[in-house]
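>>> Only the shape, not the letters, is given here:
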């Protein structure tokens, strides 16, 4: 992905700052979704597209503190234009404090957002056929908004060698705690959401890099309701990557298969097939097929 880096005399002359940068990057994607018929709707196809422009600001003090913030402009075909709520951070290298539109401690856990290699939908169904989160609706822990105000969250991350310890909370938000450890070929994560009922519980992630194949497991045991899980496997095939998953969550029993191939220059082509037993989160029961392209700038 190409990025535009702006460092001006005016920025670097900010009192007490040793450097300050503004980075602008972007992405675009389009897709066609072929949804199955159900009791209410006939089989149909839908075209979606989306463009994002990302703004990232970083700086540092003479004393060694790093600080920054970011936001993004997002627009989709047919409307849906929005500016992402901002987040701001400051770090001394060991502790990083992030405030604003940012995920909670659980969302910062390694492996929570592991996916099968696709990412080309402009709809909220992304988590369904890509298996990117343990719950299709991502409602069980605090997540950031990509195109709206988002939560007014406070998260502290502590870097302790190979491990990261995170704690978060805020006005009207659940208190969360998580620990992640990167052990080379093995990655572990445990997170706790103190919310009530189905919105609270314990998360566990496990990843293993076998070289030619990457395997991952994410599981959620809510305080009330059934346990949920997703198992992913990805491997390189030709110029791209194939991903497979099986899951049990709000869509019932689910499985998916997807493939993404790089075309060079920041472009890629993607296709996915997904099946679930229960209609949930904008995805009908049955088999859905999605194909599209992504572009990075």
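Looks like it arrived, so ask away. Quick caveat: nothing in here was measured; it's all calculated off a predicted structure.
>>> What ranges does the stretch 101-250 of the chain have for its helices?
Ranges of helices in the stretch 101-250 of the chain, per DSSP state H, counting those that start in this stretch, are 126-129.
>>> Show me the shaky parts of it.
Within the stretch 101-250 of the chain, the segments meeting pLDDT under 70 span 115-129, 131.
>>> can you pull out the strands in it?
All strands of the stretch 101-250 of the chain, identified by DSSP state E, counting those that start in this stretch, fall at 153-160, 163-170, 173-182, 186-193, 201-209, 213-222, 228-237, 240-249.
>>> and residue 171, how many neighbours?
Residues lying near residue 171 (other Cβ atoms under 10 Å) number 8. Quick note: C-beta positions are derived from backbone N, CA and C, even for glycine.
>>> gap between it and residue 246?
Residue 171 is 38 Å from residue 246, where distance means Cβ to Cβ, to the nearest Å.
>>> and if you look at residue 133?
Residue 133 is 15 Å from residue 246, where distance means Cβ to Cβ.
>>> more crowded one of the two?
residue 133 (25 against 14).
>>> Next up, the contacts around the residue most central in space within the chain.
The centre of the chain sits closest to residue 113, judged by Cα atoms, centre = their mean, with a distance of 5.1 Å. Going by Cβ atoms under 8 Å, 6 or more residues apart in numbering, residue 113 touches 107, 132-133.
>>> what helix or strand is the nearest residue in space to residue 289 that is not next to it in sequence on?
Counting by Cβ to Cβ, 6 or more residues apart in numbering, residue 34 is the residue found nearest to residue 289 once chain neighbours are left out, at 4.5 Å. Assigned by DSSP states H and E, residue 34 falls within strand 17-35.
>>> Note down every partner strand of that strand and its orientation.
Here strand 17-35 is paired, per DSSP bridges, with strand 4-6 (antiparallel), strand 44-61 (antiparallel), strand 286-296 (antiparallel).
>>> ok now that strand, how far from the chain's centre?
Relative to its chain's centre, strand 17-35 lies at 13 Å (Cα atoms, centre = their mean, to the nearest Å).
>>> Which parts of it count as buried, going by neighbours?
The neighbour-count check on strand 17-35 (16 or more other Cβ atoms under 10 Å) flags 20-23, 25-31, 33, 35 as buried.
>>> and if you look at stretch 179-192?
For stretch 179-192, the neighbour count (16+ other Cβ under 10 Å) marks 179-181, 187-192 as buried.
>>> Quickly compare the strands paired with strand 17-35 and say which is most buried.
Compared across those, strand 286-296 shows the largest average neighbour count, a mean of 18 (mean count of other Cβ atoms under 10 Å).
>>> rewinding a little: for the strand holding residue 34, the averaged confidence score.
Averaged across strand 17-35, pLDDT comes to 84.
>>> so what's the closest residue to residue 80 other than its chain neighbours up against?
Setting aside the residues directly before and after it, residue 80 is nearest to residue 147 in space (Cβ to Cβ, 6+ apart), at 7.1 Å. For residue 147, the contacting residues are 72, 74, 80, 82-84, by Cβ under 8 Å, 6+ apart.
>>> got a winner among these for most neighbours?
Among these, residue 84 has the most neighbours (other Cβ under 10 Å), with 22 neighbours.
>>> what about that residue, distance to residue 166?
Using Cβ to Cβ, residue 84 is found at 21 Å from residue 166.
>>> With residue 57 instead?
22 Å.
>>> One more: residue 256?
Distance from residue 256 to residue 166, counting by Cβ to Cβ: 29 Å.
>>> Then residue 286?
Distance, residue 286 to residue 166, by Cβ to Cβ: 38 Å.
>>> likewise residue 265?
For residue 265, the distance to residue 166 - Cβ to Cβ - is 36 Å.
>>> Next: residue 229.
Counting by Cβ to Cβ, the gap from residue 229 to residue 166 is 22 Å.
>>> Between those two, point out the one with more neighbours.
Counted by other Cβ under 10 Å, residue 229 and residue 166 do not tie: residue 166 has more neighbours, with 24 against 15.
>>> quick one, what contacts the more buried one?
104-105, 108-109, 155-158, 176-180.
>>> Can you tell me which of those residues are buried?
Applying 16+ other Cβ under 10 Å to the contacts of residue 166, the neighbour count classes 104-105, 108-109, 155, 157, 176-180 as buried.
>>> Just send the residues you listed back as TSV, with distance to residue 51 too.
Listed next are the buried ones among the contacts of residue 166 as TSV, based on distance: Cβ to Cβ, whole Å:
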residue	distance to residue 51
104	28
105	31
108	27
109	30
155	28
157	30
176	32
177	36
178	32
179	37
180	32
